[in-house]
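Colleague: Predicted structure and sequence below. I'll ask about it afterward.
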Amino acid sequence: MAKDKTIYTCSECGGSSPRWLGKCPHCGAWNTLVETVAEPVAGKHRLSALRQGLASHGTLARLAEIEAADVQRTPTGLPELDRVLGGGIVAGAVVLIGGDPGIGKSTLLLQALDALQRAGLPTLYVTGEESGAQVALRARRLGLADSQVPVLAEIQLERILATLERERPAVAVIDSIQTVYTEQLSSAPGSVAQVRECAAHLTRLAKAGGDGGRDGTTLVLVGHVTKEGALAGPRVLEHMVDTVLYFEGDTHSSFRLVRAIKNRFGAVNEMGVFAMTERGLKGVSNPSALFLSQHAQPVPGSCVLVTLEGTRPLLVEIQALVDAGGVSPRRLSVGLERDRLAMLLAVLHRHAGVACADQDVFVNAVGGVRIAEPAADLAVLLAIQSSLRGRALPQRFVAFGEVGLAGEVRPAPRGLERLREAAKLGFRVALVPAANVPRKPDAATRELLAAMEVHPVERIEQ
Ligand code: TYD
Ligand code: MG
């Protein structure tokens with residue numbers, strides 16, 4: 001096969017160069033040039049055709065006249081997955097699902113495909129990582145020995161495209177995009193250029209279905225996370241697809257979280273919770289108490305936080321350990337941002353006079369959850385303070401609230417909902433931002449506030 005001309009494109013600015021260079025000549029970024037196939041340029045001809053009025057123009061439509069049918073969603077048979085997808089899969093949508101190796105991506109998708117196939121939708125599972133026999137073994141393990149899901153063990157893009165074209169499945173999984181390669185490029189499978197080129201071809205095919213009266217194929221691309229914690233060629237893939245899901249979780253615990261990072265067909269930051277069992281992933285529909293470790297007695301350095309995951313309040317235990325450090329004390333956090341921790345320690349020092357400059361500070365969110373919202377601040381500070389003083393916080397105590405640089409405690413979104421969830425799980429004392437407690441509570445809120453001892457705070461010194 002004749003090779004197309006290759007050029008080098010910057011993954012930051014999209015500029016191109018005929019040769020590989022260490023530094024992009026357009027935006028000056030380093031090491032961003034990747035090999036790509038040059039688009040054939042019509043150049044002069046296109047322009048002269050335009051001048052002569054030969055080029056056909058596109059058709060315009062007014063927004064109001066375009067039929068905006070509500071997207072059709074097909075449930076996958078896994079309610080927790082549907083929740084992150086925004087209700088189910090959408091025909092012609094492309095979903096990228098990323099995560100560490102071994103976290104359960106293949107398991108989850110095989111379960112979903114099988115459920116869809118049983119519901120009467122034609123599916124296709126393209127495996128580039130495992131042989132058909134290995135996939136069959138997994139299906140047996142999942143109790144799906146009689147599964148009718150068609151499996152294609154193939155890594156060459158052109159053959160995958162031809163199969164998709166012929167079979168026209170409603171849902172196809174490519175496991176994984178990093179194993180697929182096209183002969184158009186000389187770079188190795190898994191390189192940014194290959195991943196981008198293959199994903200672009202597959203996406204085009206998935207979307208193409210719509211015009212011929214047929215629905216497009218819902219395409220699910222599995223992507224591995226590199227050592228730096230990003231999908232290979234993250235920028236190029238993330239903007240190409242409609243939905244980006246990330247699989248998270250501690251490999252030592254059986255819980256797996258699936259989070260939406262981007263979703264053109266639903267809300268982001270929704271989270272699906274699964275438990276990995278002997279027979280595959282099982283949805284956990286009420287996960288709010290999952291991330292609490294069970295202490296018989298209250299222990300120092302632990303504070304329960306009510307965080308919000310999408311629309312669901314979730315109780316997570318934050319643990320802190322403050323210990324005498326060496327010359328350069330360490331600040332380590334698991335599941336929380338380290339920069340945020342440094343900032344909180346500075347605020348604690350400046351506004352509450354609590355110094356830990358010579359102490360090692362470790363903070364951990366129990367169960368491998370990752371918490372990005374600033375409403376965790378208050379709980380983190382309380383856990384640190386509790387560890388520093390060696391005194392436990394009261395029993396059945398929760399906290400939430402954002403802490404500002406001036407030492408003020410700012411309200412968290414949907415404060416009452418958080419309190420309600422905490423009350424439901426038997427928590428009785430709460431430290432919350434003053435602005436989260438309504439001045440004129442309605443009857444239901446009054447009842448909630450009566451059931452719990454709520455302490456509103458405005459500043460961290462309090
Ligand atoms: P897998 O889906 O292969 O992960 P990925 O595709 O993300 O690399 O998950 C494999 C892990 O899950 C492996 O460590 C075994 C475990 N597992 C179970 O615990 N129960 C099961 O039923 C299955 C199929 C796998
Ligand atoms: Mg896999």
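Modeller: In hand now; what should we look at? Ligands and ions are numbered 1, 2, ... in the order given.
Colleague: need the residues of the stretch 301-450 of the chain near ligand 1, please.
Modeller: Residues of the stretch 301-450 of the chain lying near ligand 1 by C-beta under 6 Å from any ligand atom: none. Where you see a C-beta, it was placed from the backbone N, CA and C, and this is true even at glycine.
Colleague: where does residue 340 land in three-state SS?
Modeller: helix (DSSP: H, G, I helix; E, B strand; the rest coil).
Colleague: got a list of what the residue in the stretch 251-400 of the chain that ligand 1 sits nearest to touches?
Modeller: Closest residue of the stretch 251-400 of the chain to ligand 1, C-beta to the nearest ligand atom: residue 280 (4.2 Å). Counting by C-beta atoms under 8 Å, 6 or more residues apart in numbering, residue 280 makes contact with 107, 111, 141, 142, 143.
Colleague: And for residue 153?
Modeller: Contacts of residue 153 (C-beta under 8 Å, 6+ apart): 126, 127, 128, 130, 131, 132, 135.
Colleague: Equivalent analysis for residue 451, please.
Modeller: By C-beta under 8 Å, 6+ apart, the residues touching residue 451 are 423, 428.
Colleague: Can you dump the C-alpha atoms of the helix or strand hosting residue 343 in PDB for me?
Modeller: Following DSSP states H and E, one finds residue 343 within helix 338-352. The C-alpha coordinates for helix 338-352 follow below in PDB (Å, rounded to 0.1, in the frame of the first residue of the first chain):
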ATOM      1  CA  ARG A 338      -1.700  18.500  47.500                       C
ATOM      2  CA  ASP A 339      -1.600  22.200  46.600                       C
ATOM      3  CA  ARG A 340      -4.900  22.700  48.300                       C
ATOM      4  CA  LEU A 341      -3.500  21.000  51.400                       C
ATOM      5  CA  ALA A 342      -0.500  23.400  51.400                       C
ATOM      6  CA  MET A 343      -2.900  26.300  51.100                       C
ATOM      7  CA  LEU A 344      -5.100  25.000  54.000                       C
ATOM      8  CA  LEU A 345      -2.000  24.600  56.200                       C
ATOM      9  CA  ALA A 346      -1.000  28.200  55.500                       C
ATOM     10  CA  VAL A 347      -4.500  29.400  56.300                       C
ATOM     11  CA  LEU A 348      -4.500  27.400  59.500                       C
ATOM     12  CA  HIS A 349      -1.200  28.900  60.600                       C
ATOM     13  CA  ARG A 350      -2.100  32.500  59.700                       C
ATOM     14  CA  HIS A 351      -5.600  32.700  60.900                       C
ATOM     15  CA  ALA A 352      -5.900  30.100  63.700                       C
END
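Colleague: shaky segments in this protein?
Modeller: The model of the chain has pLDDT under 70 over residues 1-4, 12-14, 39-55, 67-70, 209-214, 226-236, 269, 294.
Colleague: Grab the longest helix from it for me.
Modeller: Longest helix in the chain, counting residues (DSSP state H): helix 192-208.
Colleague: name the helices or strands packed onto the helix or strand that comes right after it?
Modeller: On the C-terminal side of helix 192-208, the nearest following helix or strand under DSSP H and E is strand 218-224. The contact analysis (3 or more C-beta pairs under 8 Å, 6 or more residues apart in numbering; DSSP states H and E) places strand 218-224 against strand 94-99, helix 105-118, strand 171-175, helix 192-208.
Colleague: Go again with 10 Å.
Modeller: Packing partners of strand 218-224 (3 or more C-beta pairs under 10 Å, 6 or more residues apart in numbering; DSSP states H and E): strand 89-90, strand 94-99, helix 105-118, strand 123-127, strand 171-175, helix 192-208, helix 234-238, strand 243-248.
Colleague: my read: residue 371 touches residue 335, true?
Modeller: Yes. If you go by C-beta atoms under 10 Å, residue 371 and residue 335 touch, sitting 5.8 Å apart.
Colleague: who touches both of these two?
Modeller: Both residue 371 and residue 335 are contacted by 291, 316, 318, 365, under the criterion C-beta atoms under 10 Å, 6 or more residues apart in numbering.
Colleague: give the contact list for the second one.
Modeller: Residues in contact with residue 316 (C-beta under 10 Å, 6+ apart) are 288-292, 303-307, 309, 335, 365-367, 369, 371, 376, 379.
Colleague: Which PyMOL command selects the buried ones in those residues?
Modeller: Entered in PyMOL, the line below selects the buried ones among the contacts of residue 316, by 16 or more other C-beta atoms under 10 Å:
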select buried, resi 288+290+291+292+303+304+305+306+307+309+335+365+366+367+369+371+376+379
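Colleague: got the residues of the stretch 1-150 of the chain near ligand 1?
Modeller: Checking the stretch 1-150 of the chain against ligand 1 by C-beta under 6 Å from any ligand atom, the hits are 99, 101, 102, 103, 104, 105, 106, 107, 138, 141, 142.
Colleague: circling back: nearest residue to the residue of the stretch 251-400 of the chain closest to ligand 1 other than its sequence neighbours?
Modeller: Leaving out its chain neighbours, the residue that sits closest to residue 280 by C-beta to C-beta, 6 or more residues apart in numbering is residue 142, at 4.3 Å.
Colleague: swap in residue 109?
Modeller: Nearest residue to residue 109, sequence neighbours excluded (C-beta to C-beta, 6+ apart): residue 173, at 4.8 Å.
Colleague: Can you give the strand pairings for the helix or strand hosting residue 304, parallel or anti for each?
Modeller: In this structure, residue 304 is located in strand 302-309 according to DSSP H and E. According to DSSP bridges, strand 302-309 forms sheet pairs with strand 312-324 (antiparallel), strand 397-399 (parallel).
Colleague: Take those and lay them out in CSV including distance to residue 148.
Modeller: Compiled in CSV, the strands paired with strand 302-309 are given as follows (distance: least, C-beta to C-beta, whole Å):
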stretch, distance to residue 148
strand 312-324, 34
strand 397-399, 48
